[in-house]
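Engineer: Take this sequence and fold it.
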Amino acid sequence: MLNCSIGKVGIGDGEPARLMAVMNASPESFFSHSFVPREELWATATRFCEDGAEIIDLGARSTAPNAPVLSAVEEKERVCASLKELEGIGVPVSVDTMFPEVLEAVLRYDIDAINDIHGLADPGYARIAGESGLPVFIMASDAVPGDAVGLKATHAACATVIARAHRAGIEEIILDPAVGRWIPERSMEDDWAICRDFRSFRVHGYPLLAAVSRKSFIGDLLNTPPEGRLAGTIAVTCELLKQGASVVRTHDVRETADLLRVYEKMQE
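Structural biologist: Got it, this is the predicted structure:
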């Protein structure tokens, strides 16, 4: 496996699983409790770090199905204002955006990684990401976010996004197998299939991101809204750790930190 580092945080084989906290600057989020108003960003990030977060993933646009349309201009304003609030926070910050104009703007700040759910499908975005020299979380996507349906297509999408990264000169990659109801053609069972066979994505040779926090496939099974999906999320996350997840992206920092501590103890 080709390991990488985000800031001083090592990721991959031989490293413990890392905790990535969702810092949500989008009031439209599918999980409304995760929204952090601008004036609370510093205090929330500090609390996340105290609770065990090693990376903060900042996003300002909801990517949930049926989310309100947000212009790139408004997303840029939100995320840049948030980065100003977080200057000097002392923990690596990743920015979650799929628009080149937003990416170009946030690179003026001291960020440590890029998170692209679009899978570097935009050549301009890929060029900017490559020139930045930063590690990139890349989701398995062909033309639109999460558009692969089924395991075979998801593996093919992983190969596609890795090839795009290499063409752009990006070598430090964390691969996201795209769990989630990204397009109408995907079903709950598609997500469960990816989770059951998560270890198979190690064949691509890069660290894997477990990004399942409070997602709809858990809610569909348990018949609960996002607010009631914590226990289900913890159960799925534990299984993905067993199958080789290197980074866990979560809305629930303290609970996930406890999970990671217990999991590591069980591996001794």
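
Engineer: Check the secondary structure at residue 91 for me.
Structural biologist: coil (DSSP: H, G, I helix; E, B strand; the rest coil).

Engineer: Wait, it touches residue 47, no?
Structural biologist: No. Taking Cβ atoms under 8 Å as the definition, residue 91 is not a contact partner of residue 47, at 11.6 Å. Using the backbone N, CA and C atoms, a C-beta is placed for each residue, glycine as well.

Engineer: more neighbours, these two?
Structural biologist: Shown here are residue 91 and residue 47; by other Cβ atoms under 10 Å, residue 91 has more neighbours (18 against 14).

Engineer: now the residue lying closest to the more buried one once chain neighbours are set aside: how far from residue 23?
Structural biologist: Nearest residue to residue 91 in three dimensions, chain neighbours excluded: residue 49, at 5.2 Å (Cβ to Cβ, 6 or more residues apart in numbering). Distance, residue 49 to residue 23, using Cβ to Cβ, to the nearest Å: 11 Å.

Engineer: still on that earlier bit, surely the residue nearest to residue 91 touches residue 90?
Structural biologist: Yes. Assessed by Cβ under 8 Å, residue 49 is found in contact with residue 90 at 7.4 Å.

Engineer: and residue 10, what helix or strand is that in?
Structural biologist: Counting by DSSP states H and E, the element that carries residue 10 is strand 9-11.

Engineer: burial count for residue 142?
Structural biologist: Look at residue 142: counted by other Cβ under 10 Å, it has 16 neighbours.

Engineer: can you pull the contacts of it?
Structural biologist: Residues near residue 142 by Cβ atoms under 8 Å, 6 or more residues apart in numbering: 119, 121, 148, 157, 160.
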